[in-house]
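Q: Show me how the following folds:
(4 chains)
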Protein chains: 2
Amino acid sequence: MRILLVEDDRLLGDGVQAGLTGSGFTVDWVRDGDAALAALSAESFAAVLLDLGLPKRDGLSVLASLRSAGNPVPVLVLTARDQVADKIRGLDLGADDYVIKPFDLDELAARLRALVRRSQGRADASLRHGDVVLDPAGRTVKLKGEPVTLTGKEFDLLRMLLDAAGRVLTRRVLEEQLYAWGEAVESNALEVHIHHLRRKLGGELIRTVRGVGYLVDEAPR
Amino acid sequence: MRILLVEDDRLLGDGVQAGLTGSGFTVDWVRDGDAALAALSAESFAAVLLDLGLPKRDGLSVLASLRSAGNPVPVLVLTARDQVADKIRGLDLGADDYVIKPFDLDELAARLRALVRRSQGRADASLRHGDVVLDPAGRTVKLKGEPVTLTGKEFDLLRMLLDAAGRVLTRRVLEEQLYAWGEAVESNALEVHIHHLRRKLGGELIRTVRGVGYLVDEAPR
DNA sequence: TGCAAGCCTTAAGCCAGTCTTAAGCAGGCC
DNA sequence: GGCCTGCTTAAGACTGGCTTAAGGCTTGCA
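A: Have a look, this model is predicted:
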């Protein structure tokens, strides 16, 4: 799950990036508002972590531009304890949640998961599809109740597909979400991961849409 | 906007109801989890405000029942400051947000608005024409409820025709849409695809307009 | 610091399904 | 009746995806 972190503080940014990466997110980090807007117009992210106190262009203004351009990406605001007013303005400007600094990394991860989940119009925590159950929090997958070990990339890929059950995800979208900048693949790595998923979970689950991408059918409950 | 408040504390409940009503919400208030589930199965709410510490059936259990029944209503959890663990469990069980007591009523209202706004952001219209249903997102087509496998070009063609139901699409328009520049066909490929579509979906759907192009009649619903 | 294990990427060959082409046929219109 | 447009069918080319295997990289552990 690819996240854009907008944070000017080097220390904090470093910690958040490391922590979230450890929780299975892919984190791209920019230091100011202009860079954030540039990144958001060029790439697609599952969510944005936005610090309000930024140099040059402040967080609220970034948020406002984003929303007035019609971009619906979920935004989680990072705010200091004494900025309650800003926080409320942020929510009304279209932020989806906020956390107060200092915050707990586990909590931040949980909130991000909730946010992304919500933004996709689904409110259930674990993703179910027939015999396959994926638990995003525990990073575990079961097939007919039996645990299946997936590697990191396999897990991310499966989660995206299940999240979007019923919709086709293009190669491009999958690759963008799977890889942060500077690690773009130019091979068939995606296909290889799909292949591994099929081997572990059966060939029925993931359908190929030739020339477009992959999808998992609408979930049978 | 109609909200269900689940709160056993009379004083707090009263305050929230009054405050939110003042902010333009319509608030139904129940005192325990069973009543909440009953209300939710009978009526429809834009969101639920759920206190975790309830008599009889506690909040997390209410949330779990709700989600396992597939109910996607946005849930905002009300929690005490010392229940961080519950809060995280709540988020992972499918809550969409929480606030810590004591909370500010304006903030609560702002969060509710953000929540509801977020929950309504999704609808991808499928194209229907009598027995034929085309889902652009899933790239699937059904005939009388049965899935039909179309190839890429067939699918694109059908989508164009359904999109323009009631209007004739000329050969020229169809070919331009179907083929990128530089790969113009100089054969009867279009006719062949139409033929395949008819074979798969029945000959009635697509009408030939001699000398002009093809059309699908105005959609019967 | 060195080793081992596992993960990810890369690359190459193979296969299947898709698309195009083309030729013959049917039917409408002048 | 002759011409023209569209239908049908089948064959071949080709693209894109699948599979497999090897090598490099990271990470954990001694």
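
Q: C-alpha from now on. contacts and neighbour counts both.
A: OK.

Q: Please tell me I have it right and A:L174 contacts A:L157.
A: Yes. The pair A:L174 and A:L157 qualifies as a contact (C-alpha atoms under 8 Å) at a distance of 7.3 Å.

Q: Stretch A:55-74 spans what distance, first to last residue?
A: Stretch A:55-74 stretches 22 Å from its first residue to its last (C-alpha to C-alpha, to the nearest Å).

Q: Work out the gap between that stretch and the centre of the chain.
A: Mean-position distance between stretch A:55-74 and its chain equals 18 Å (C-alpha atoms, centre = their mean, to the nearest Å).

Q: Just the residues contacting that stretch, thanks.
A: Residues outside stretch A:55-74 that contact it (C-alpha atoms under 8 Å, 6 or more residues apart in numbering or on different chains): A:8, A:32-34, A:36-37, A:45-48, A:50-53, A:90, A:93-96, A:115-116, A:119.

Q: can you map out the strands along chain A?
A: Ranges of strands in chain A, per DSSP state E, are A:2-6, A:26-30, A:47-51, A:75-80, A:97-101, A:127-129, A:132-135, A:140-143, A:146-148, A:169-170, A:206-209, A:213-216.

Q: before we move on, the earlier item: just the buried ones from the contacts of stretch A:55-74?
A: A:8, A:32-34, A:36-37, A:45-48, A:50-53, A:90, A:93-96, A:115-116, A:119 (16 or more other C-alpha atoms under 10 Å in any protein chain shown).

Q: just those residues that are near chain B?
A: Filtering the buried ones among the contacts of stretch A:55-74 for proximity to chain B by C-alpha under 8 Å from any C-alpha of the partner chain leaves A:94-96, A:115, A:119.

Q: Where does pLDDT dip in chain A?
A: Along chain A, the model assigns pLDDT under 70 to residues A:70, A:80-94, A:102, A:104, A:106-107, A:120-125, A:137-138, A:180-185, A:219-221.

Q: Pull out the buried residues from the longest helix seen in it.
A: Among the elements of chain A assigned as helix by DSSP state H, the one spanning the most residues is helix A:105-119. By 16+ other C-alpha under 10 Å, the buried positions in helix A:105-119 come out as A:107-119.

Q: Grab the two from those that are most spread out in space.
A: Pairwise distances across the buried residues of helix A:105-119 peak at 18.0 Å for A:E107 and A:S119 (criterion: C-alpha to C-alpha).

Q: Domain map for chain A?
A: According to automatic domain parsing, chain A comprises the domains A:2-119, A:127-216.

Q: Endpoints of the last one, how far apart?
A: When the termini of domain A:127-216 are compared using C-alpha to C-alpha, they are 12 Å apart.

Q: next one: it to chain centre, how far?
A: With C-alpha atoms, centre = their mean as the basis, domain A:127-216 stands 14 Å off its chain's centre.

Q: anything in that domain near DNA strand D?
A: Yes. Interface with DNA strand D: domain A:127-216 contributes A:188, A:191-192, A:194-195, A:198, A:208-213 (C-alpha under 7 Å from any atom of the strand).

Q: Repeat that for the first one.
A: No. For a cut-off given as C-alpha under 7 Å from any atom of the strand, domain A:2-119 has no contacts with DNA strand D; the smallest distance is 9.2 Å.

Q: That domain and DNA strand C, are they touching?
A: No. Domain A:2-119 stays clear of DNA strand C (C-alpha under 7 Å from any atom of the strand), getting no nearer than 10.2 Å.

Q: Could you do the shortest one as well?
A: Yes. Figure legend: domain A:127-216 in contact with DNA strand C (C-alpha under 7 Å from any atom of the strand); contacting residues A:150-154, A:179, A:183, A:185-190, A:192-193, A:210.

Q: filter the residues you listed to the buried ones?
A: Neighbour-count burial (16+ other C-alpha under 10 Å) applied to these gives A:150, A:153-154, A:179, A:190, A:193.

Q: Can you tell me the closest non-neighbouring residue to the residue of chain A found nearest DNA strand D?
A: Closest contact between chain A and DNA strand D, by C-alpha to the nearest atom of the strand, is at A:G211 (3.7 Å). Counting by C-alpha to C-alpha, 6 or more residues apart in numbering or on different chains, A:G211 lies nearest to B:G152, which is 7.6 Å off, once chain neighbours are set aside.

Q: Same check on A:V27?
A: Per C-alpha to C-alpha, 6+ apart, closest to A:V27 is A:I3, 4.9 Å.

Q: wait, the one you found sits on A:A47?
A: Yes. The pair A:I3 / A:A47 is scored as a contact, 5.2 Å apart, by C-alpha under 8 Å.

Q: which ones are touching the residue nearest to A:V30 when sequence neighbours are not counted?
A: Nearest non-adjacent residue to A:V30, counting by C-alpha to C-alpha, 6+ apart: A:V6, 5.1 Å away. With contact set as C-alpha under 8 Å, 6+ apart, A:V6 has these partners: A:29-33, A:36, A:48-51.

Q: what would these look like in TSV with distance to A:T170?
A: Below are the contacts of A:V6 laid out as TSV (distance: C-alpha to C-alpha, whole Å):
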residue	distance to A:T170
A:W29	24
A:V30	26
A:R31	30
A:D32	30
A:G33	29
A:A36	24
A:V48	22
A:L49	25
A:L50	27
A:D51	31
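
Q: If we ignore the residues flanking it in sequence, what's nearest the closest residue to chain B within chain A?
A: Using C-alpha to the nearest C-alpha, A:R167 is the residue of chain A that sits closest to chain B, at 4.0 Å. Once flanking residues are discounted, A:R167 sits nearest to B:G138: 4.0 Å by C-alpha to C-alpha, 6+ apart.
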